[in-house]
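J.: Fold the following and give me the result.
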Amino acid sequence: MPPESAKGDEPQIRPTRPRKPASIRDVARRAGVSPTTVSHALSGRRPVAEETAARIRALVPEMGYVPYFAARTLQSGRSFVIGLVVPGIANQFFGEIATGVEAYAHDQDYGVILCTSQSDIRRENRYFNMLRSGALDGLIYNAADAAVDDMLPTIASGFPIVVVDEEIPSIKDRPLVAADHRQGGFLAGVHLRELGHENAAVFSGPRGLRSSEDRVAGFREVFPDAQVLIGDYTEQSGAVLASLLFQGDRHTTALFAGNDLMAVGAINELTALGLSVPGDVSVVGFDDVEFASRLTPALTTVRQPAVELGKRSAQLLLDHLIHGRDLGHQELILPVRLVVRGSTALAPR
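T.: As a prediction, the model looks like this:
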């Protein structure tokens, strides 16, 4: 019979201390790389060899490492993600706004989720719900048309929202970042008048949008009798309006299109009708998207600072989220400039 254990000889069960979370240096040491390489592999900010990145990603759950951006989310209760709602990215102008938003947010360690609304209320509601649920810390909103979601004023009253490009009358208590549309229309008109044109037409964007109304108003300061036809900022509408106007009217020698897409549609239709640009009709666009300089002829257009619009919108929103700065009503209107290329010329005699 085995002897009884002496008092005090019983096995002692000692409480285990919680394992200290692995640090970025611990992961780097195991992976055989620098902490900077680990950071780049996890954030995607800099390229890292795929084999190395895969090794690092495998070590993260194994070692229980919590990346900085995940840790600060848990500690702060914020997502460190903002949303951007634009009508679509087929129009390069909206893509450039998104580029500006992402660039500024990235520098502030914020992510961006992009929503292309396509004028679909259900799509927008999804992002409004993400805002209300805390999945997004704030929203930058670009209206697709004059009719906005009825939910937007309610959402804007309780959450951080910045409006970019288009004024929304129902949420005027929030910041607006936009280009000087009226100045742009005026510059287009002055340019065509200086070339000797007397009969001009405008292909406007949708009624009710501030961009549409202001561009027409600026142009009409120079051409008060200019004929105005209403389109929807698409290439197809530019072609349709050109067909309607120029099949029965060969007196108009100058055209101001509401944006570059409408200008492209108009030029294509004018060519199909046997009219020369700029020999018979001079055409001016608006936006100066990337392809405008590559058209034949290259497009004279009003340049909007689209990337800067995105950056300044993100700056206003993130200054509020990070530093607590006021997000009340203010308008930041950025200047535009005319870029003269080959689609405009002296008026035909």
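J.: Helices of the protein, residue ranges please.
T.: Taking DSSP state H as the criterion, the chain carries its helices at 24-31, 35-43, 50-63, 68-76, 92-107, 121-133, 151-158, 181-194, 210-220, 235-246, 260-272, 306-323.
J.: where in this protein is pLDDT low?
T.: Along the chain, the model assigns pLDDT under 70 to residues 1-21, 43-45, 66-79, 119, 144-150, 249.
J.: Just give the nearest non-adjacent residue to Val48, would you?
T.: Ala41 (4.4 Å; C-beta to C-beta, 6 or more residues apart in numbering). The way it works is simple: take the backbone N, C-alpha and C, and place the C-beta from them, glycine included.
J.: try Pro47
T.: Excluding its sequence neighbours, the residue lying closest to Pro47 (C-beta to C-beta, 6+ apart) is His40, at 7.7 Å.
J.: Could you count how many residues lie near the one you found?
T.: Taking other C-beta atoms under 10 Å as the criterion, the count of residues near His40 is 18.
J.: Ok, Gly134 next?
T.: Gly134 is surrounded by 10 other residues when neighbours are defined as other C-beta under 10 Å.
J.: And Pro47, by the same measure?
T.: By other C-beta under 10 Å, 9 other residues sit near Pro47.
J.: State the distance from it to Thr253.
T.: Using C-beta to C-beta, to the nearest Å, we find Pro47 at a distance of 53 Å from Thr253.
J.: Distance check, Arg325 against Glu166.
T.: With C-beta to C-beta as the criterion, Arg325 and Glu166 are 23 Å apart.
J.: So which of the helices of the chain is nearest Leu114?
T.: Comparing the helices of the chain against Leu114 with C-beta to C-beta, the closest turns out to be helix 92-107 (5.7 Å).
J.: Next, the angle helix 260-272 makes with that closest one.
T.: Between the direction of helix 92-107 and that of helix 260-272, the angle (axes from the mean of the first three to the mean of the last three C-alpha atoms, to 10 degrees) works out to 150 degrees.
J.: how much space between Phe186 and Glu221?
T.: From Phe186 to Glu221 the distance is 5 Å (C-beta to C-beta).
J.: ok, how many other residues are close to the residue nearest to Gly138 when sequence neighbours are not counted?
T.: Using C-beta to C-beta, 6+ apart and skipping the chain neighbours, the partner closest in space to Gly138 is Pro160 (3.7 Å). Pro160 has 20 neighbouring residues, counting by other C-beta under 10 Å.
J.: now swap in the one 10 residues further on and tell me
T.: Neighbouring residues of Ser170 were enumerated by other C-beta under 10 Å; the total is 12.
J.: From Leu317, how far off is it?
T.: Looking at Ser170 against Leu317, where the rule is C-beta to C-beta, the gap reads 19 Å.
J.: same deal with Glu51?
T.: In this structure, Glu51 lies at 38 Å from Leu317, with C-beta to C-beta as the measure.
J.: who's more crowded, the two?
T.: When Glu51 and Leu317 are compared for neighbours, Leu317 comes out ahead with 30 against 8, by other C-beta under 10 Å.
J.: Look up how far Val81 lies from that one.
T.: In terms of C-beta to C-beta, Leu317 sits 12 Å off from Val81.
J.: Same question for Gly231.
T.: Gly231 is 35 Å from Val81, where distance means C-beta to C-beta.
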